[in-house]
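> Structural data only, the sequence is not supplied:
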C-alpha cells in the first residue's frame, strides 16, 4: 500500500504544480495583452498624426488646384494618400476593441474599456530582463515541478506493479452456523424416503 500512497501524494503535488502553472500562464497572458494594447495605442497615435498631416496636405493641394497651380489628378492622388492612414486607423481601433475584449475575458469582467496608466515606452523601461537565468529559477517553474512530481508518481506505481506480481494470500473468517436451505430438505412424500 505504501507505494500507492506515495503515488497518490505525488499525483496531488503534480496537480498543484499544474494549477500554479495555469495561474502563471494567466498572469503572463494578461501582461502580454496589456502591453499589446499599449502598443496599439502608440500605433493609433502615429496613424492619427499621419492622417492629420495628409489631410493638411490635401487641403493645401485643393487650394493650389483652385488657383490653377496643379491638376485635378494631383488632387485625386492626395485624396488617395489620405485614405491609407484612415483605413489603418480603423483597423487599429478594431484591434484595440478586440484586445480590450480579450483582456476582459481573461480578467473575468464584462465588456469595458481597459484603463491605461502608462505608455509603452515607460512600461518597457519598467521591465528589467536579466542577462542570464539561474538554474534555481528553472527548477521553480511550475511546469518543471509538475513533470517531476508526475515522474515520482510513475516511479511509485512501478512499486505498486511489482507488489501486484508477488503472491498474496488472505485470511477470512466467519462466525455462526451454516444450515441447509429449506428446499433442500428431503420430502416425506417422495418414494424412497425413510425415517
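Here it is on my side, so go on. Note that the structure is a prediction, hence the values are computed from the model and not measured.

> C-alpha from now on. contacts and neighbour counts both.
Fine.

> Quick check: what element follows the longest helix seen in the chain along the chain?
Taking DSSP state H as the criterion, the chain has its longest helix at helix 2-66. The first helix or strand that comes after helix 2-66 along the chain, using DSSP states H and E, is helix 72-107.

> which helices and strands does the longest helix of the chain pack with?
Contact here means 3 or more C-alpha pairs under 8 Å, 6 or more residues apart in numbering; DSSP states H and E; on that basis helix 2-66 packs against helix 72-107, helix 120-126, helix 142-165.

> tell me the average confidence for it?
For helix 2-66, the mean pLDDT works out to 88.

> Equivalent analysis for stretch 123-131, please.
Stretch 123-131 shows a mean pLDDT of 69.

> roughly how far out does the longest helix of the chain sit from the chain middle?
On the basis of C-alpha atoms, centre = their mean, to the nearest Å, helix 2-66 sits 13 Å off its chain's mean C-alpha point.

> Stretch 112-119 too?
22 Å.

> so how far does that stretch reach from one end to the other?
With C-alpha to C-alpha, to the nearest Å as the measure, the ends of stretch 112-119 fall 20 Å from one another.

> Identify each buried residue in stretch 23-42, please.
Residues of stretch 23-42 classed as buried: 30, 33, 34, 35, 36, 37, 38, 39, 40, 41, 42 (neighbour count, 16 or more other C-alpha atoms under 10 Å).

> ok, and the closest non-adjacent residue to the last one?
Distances taken as C-alpha to C-alpha, 6 or more residues apart in numbering place residue 120 nearest to residue 42, at 7.3 Å, with adjacent residues excluded.
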